[in-house]
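Q: what's the 3D shape of this:
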Amino acid sequence: LLGSRVAHGGVCRRNRGRVRGSGSWRCGQLSRRGERGPSWARGRPAPDGLDPVGLQGDTAEKGENRVRAVRPVAVLFSLLVTLALAWGASAADRLVIWDKTEYIPFYNEFMAQFVQAWSEATGIEVEYTVVPPRDLITKLMTAVESGHVPDIATVEVGMVAQLAGMGATTITADLLAAIEAQTGDRFSEAAVRLVSIDGQPRGVPTATFPAALFYRNDLLEAAGVEPPQTIAAFREVARRTNNPRAGIYGAGIPLGRSGGNDIEGFIRNLFWANGGSVFAEDGRTVVVDSPQNVEVFQMLVEMYHQDKTIPPGALSWDDGGNNNAYMAGTAVMVFNSGSLWANMADMGHPLLAHTGATLMPAGPQGRYNLGGGNTMVLFAGGNVAAAERFIRDFMTPEHYGQLLPRMAPMWAPVLEGMKDLPFYQDPVNRVWLEAGQINVNVGYPGPATPWAGEVLSSQVLLRALQTAIVDGVPPAQALQNAKREIEAIMAKY
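A: Numbering: from 1, shown residues only. I've put the predicted structure just below:
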């Protein structure tokens with residue numbers, strides 16, 4: 001499909017990127033003389049059995065990890081055509097979308113095919129580019145500084161405050177209301193809160209990332225320990241299950257400068273649970289060098305050097321390193337979003353039968369999780385009308401409603417009604433909804449701010465922790481250094 005001409009003028013060409021799964025697609029306008037729809041919407045099977053935009057009707061394969069389309073070809077493709085006619089022709093007939101690669105490949109396959117079908121139905125040319133998350137951050141910063149921005153970008157919620165602080169993105173309150181009216185559903189307060197700056201939404205949330213502690217229940221049982229519910233218990237269980245001679249480590253914590261946010265979120269979760277934070281309630285006072293945070297850094301240093309429960313190679317791991325270690329059987333416990341569970345289920349991985357998941361361990365101040373998720377942001381000065389149109393067409397039960405079950409449990413729903421999906425009715429899977437209830441924003445206990453977003457994306461905490469682990473800098477000094485760097489970032493705002 002991708003890179004091949006479709007009937008009578010519609011075309012999607014792919015320019016491949018340096019990383020597998022990255023690259024861009026340019027979807028041209030469809031000739032009004034010909035058939036509408038890509039080849040798999042005209043009677044031939046979708047690639048790999050996929051039917052991401054619901055055009056294949058009842059021919060889609062049923063199964064645990066597949067979603068059967070509920071309407072026949074003519075009806076669902078005519079839905080996009082009807083939407084196109086209702087909106088009418090537009091002089092602004094080009095849309096630029098930047099997206100990021102996801103751990104579950106289905107997402108990018110789904111989106112590329114949805115983009116093509118939407119482009120053909122509306123007559124709007126779409127340039128759809130997919131890049132790794134870290135590269136996307138750099139690409140966006142360069143684009144904002146140069147003024148050459150896309151119309152839509154899908155970013156993690158930690159970027160929302162930073163982009164808003166640069167004056168780059170639009171307020172989306174009216175668009176959220178329009179989607180709610182269209183779907184008869186409503187966005188969850190937690191999802192909207194994660195993309196709101198000064199009480200105004202600055203994006204359309206498409207997913208929240210519930211995070212949990214994954215553990216090997218067979219190895220915990222063999223060691224005679226229960227899944228840890230506190231931070232102290234987490235460290236003790238890691239010790240009791242640690243077996244370096246067999247290549248098995250109790251705690252798979254990624255410590256590499258990957259550009260992802262797994263370790264940045266994990267450190268903040270421990271800070272908050274232990275009574276610390278990066279910022280005070282006013283969002284401006286930097287308290288990262290508090291005694292509570294020093295305790296957390298000291299514990300992580302000791303887990304690496306003294307307990308030896310963190311693999312030596314973790315210093316070079318990216319955000320996939322802990323996933324890979326767990327699936328290889330070399331990590332007993334890892335913190336991660338549901339992407340790990342979803343990927344193991346898709347693979348039919350044998351360790352899934354020996355895997356449990358529980359909420360983040362609690363500290364003296366409770367349980368917390370840095371609220372992760374995806375949001376589509378719209379850029380001021382871009383083709384806002386077409387961007388809103390694209391997002392409204394995407395956020396429908398026929399389209400978004402098909403994507404969500406395939407992304408669970410990595411994704412949790414942002415629309416309240418979708419919490420009733422069969423997946424979440426299984427008691428084993430309820431933990432993913434419960435995990436979303438302890439999500440807080442990047443500036444907690446203060447507001448989400450542009451500087452808090454930049455501190456996150458700059459990986460200030462990880463780099464400070466690395467100096468403590470690798471260079472032997474005392475934890476208190478490492479955090480004082482981090483404080484100075486954070487204050488320098490704030491001075492730019």
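Q: quick check, Glu295 in contact with Asn274.
A: Yes: using Cβ atoms under 8 Å, Glu295 makes contact with Asn274 at a distance of 6.1 Å. Every residue, glycine included, has its C-beta placed from N, CA and C.
Q: more crowded one of these two?
A: Asn274 (22 against 18; other Cβ atoms under 10 Å).
Q: which residues touch that one?
A: Neighbour list for Asn274: Ile231, Gln292, Asn293, Glu295, Val296, Gly363, Pro364, Gln365 [criterion: Cβ atoms under 8 Å, 6 or more residues apart in numbering].
Q: out of these, grab the one that's most surrounded.
A: Asn293 (28 neighbours).
Q: give me the neighbour count for the closest residue to that residue other than its chain neighbours.
A: Nearest-residue entry for Asn293: Gly276, 4.0 Å, with adjacent residues in sequence omitted and distances by Cβ to Cβ, 6 or more residues apart in numbering. Neighbour count of Gly276, defined by other Cβ under 10 Å: 22.
Q: next one: Leu404
A: 21.
Q: for the residue nearest to Asn293, give me its contacts.
A: Val287, Val288, Ser290, Pro291, Gln292, Asn293, Val296.
Q: would it be right to say that it lies in a helix?
A: No: read with DSSP: H, G, I helix; E, B strand; the rest coil, Gly276 is coil and lies in no helix.
Q: and the gap between it and Pro397?
A: 42 Å (Cβ to Cβ, to the nearest Å).
Q: how far away is the residue nearest to Asn293 from Pro291?
A: Gly276 is 8 Å from Pro291, by Cβ to Cβ.
Q: tell me where the stretch 251-400 of the chain has strands.
A: Ranges of strands in the stretch 251-400 of the chain, per DSSP state E, counting those that start in this stretch, are 331-337, 355-358, 369-370, 372-378.
Q: closest one to Leu95 among those strands?
A: strand 372-378 (10.8 Å; Cβ to Cβ).
Q: direction included, what does the closest one pair up with?
A: strand 152-156 (antiparallel), strand 204-209 (antiparallel) (DSSP bridges).
Q: need the residues that contact it.
A: With Cβ under 8 Å, 6+ apart, strand 372-378 has contacts from 151-160, 163, 169-170, 172, 175, 191, 194-195, 202-209, 211, 261, 265, 337, 384, 387-388, 391, 411, 414, 439.
Q: for the closest residue to Pro364 other than its chain neighbours, give its distance to Glu434.
A: What sits nearest to Pro364 in space, not counting adjacent residues and going by Cβ to Cβ, 6+ apart, is Gly275, at 5.6 Å. For Gly275, the distance to Glu434 equals 22 Å [Cβ to Cβ].
Q: then Ala482?
A: For Ala482 relative to Glu434 (Cβ to Cβ), the value is 31 Å.
Q: more crowded one of the two?
A: Ala482 (24 against 14).
Q: let me know the secondary structure of that one.
A: Relying on three-state DSSP, one would call Ala482 helix.
Q: tell me how many other residues surround the residue lying closest to it once chain neighbours are set aside.
A: With sequence-adjacent residues excluded and distances taken as Cβ to Cβ, 6+ apart, Ala482 is closest to Ala464, at 4.0 Å. If you count neighbours by other Cβ under 10 Å, Ala464 ends up with 25.
Q: again with Arg484
A: With other Cβ under 10 Å as criterion, Arg484 counts 12.
Q: so what pLDDT did it get?
A: pLDDT, Arg484: 98.
Q: how close does it get to Val460?
A: For Arg484, the distance to Val460 - Cβ to Cβ - is 10 Å.
Q: ok, Asn269 next?
A: From Asn269 to Val460 the distance is 16 Å (Cβ to Cβ).
Q: next one: Val287
A: 14 Å.
Q: the two: which has the busier surroundings?
A: Ranked by neighbour count (other Cβ under 10 Å), Val287 and Val460 place Val460 first, with 22 against 17.
Q: what residues are up against Gln365?
A: Trp272, Ala273, Asn274, Gly275.
Q: may I ask which helix or strand of this protein has the lowest mean pLDDT?
A: helix 73-87 (a mean of 43; mean pLDDT, DSSP states H and E).
Q: Leu213 belongs to a strand?
A: Yes: assessed with three-state DSSP, Leu213 lies in a strand.
Q: quick check, pLDDT for the residue nearest to it when sequence neighbours are not counted.
A: Among residues not flanking Leu213 along the chain, Thr358 sits closest, at 5.3 Å (Cβ to Cβ, 6+ apart). Thr358 is assigned 94 on the pLDDT scale.
Q: again with the one 4 residues further on
A: With respect to pLDDT, Ala362 has a value of 97.
Q: beta partners for it?
A: With DSSP bridges as the rule, Ala362 is bridged to Thr230.
Q: ok, now which ones touch it?
A: Neighbour list for Ala362: Gln229, Thr230, Ile231, Ala273 [criterion: Cβ under 8 Å, 6+ apart].
Q: same question for Val414.
A: Phe187, Ser188, Ala191, Pro205, Thr206, Ala207, Thr208, Gly373 are the contacts of Val414 under Cβ under 8 Å, 6+ apart.
Q: show me which of those is closest to Glu221.
A: Relative to Glu221, and with distances defined as Cβ to Cβ, the nearest of the contacts of Val414 is Thr208, at 31.5 Å.
Q: from what I can see that closest one touches Ala191, true?
A: Yes: proximity of Thr208 to Ala191 meets the contact threshold set by Cβ under 8 Å, at 5.6 Å.
Q: for the very next helix or strand once past the least confident helix or strand of the chain, which helices and strands make contact with it?
A: Remark: after helix 73-87, the chain's next helix or strand is strand 94-100, criterion DSSP states H and E. Applying 3 or more Cβ pairs under 8 Å, 6 or more residues apart in numbering; DSSP states H and E, one finds that strand 94-100 makes contact with helix 106-122, strand 125-131, helix 133-146, strand 152-156, helix 384-394.
Q: which of these is buried the deepest?
A: strand 152-156 (a mean of 25; mean count of other Cβ atoms under 10 Å).
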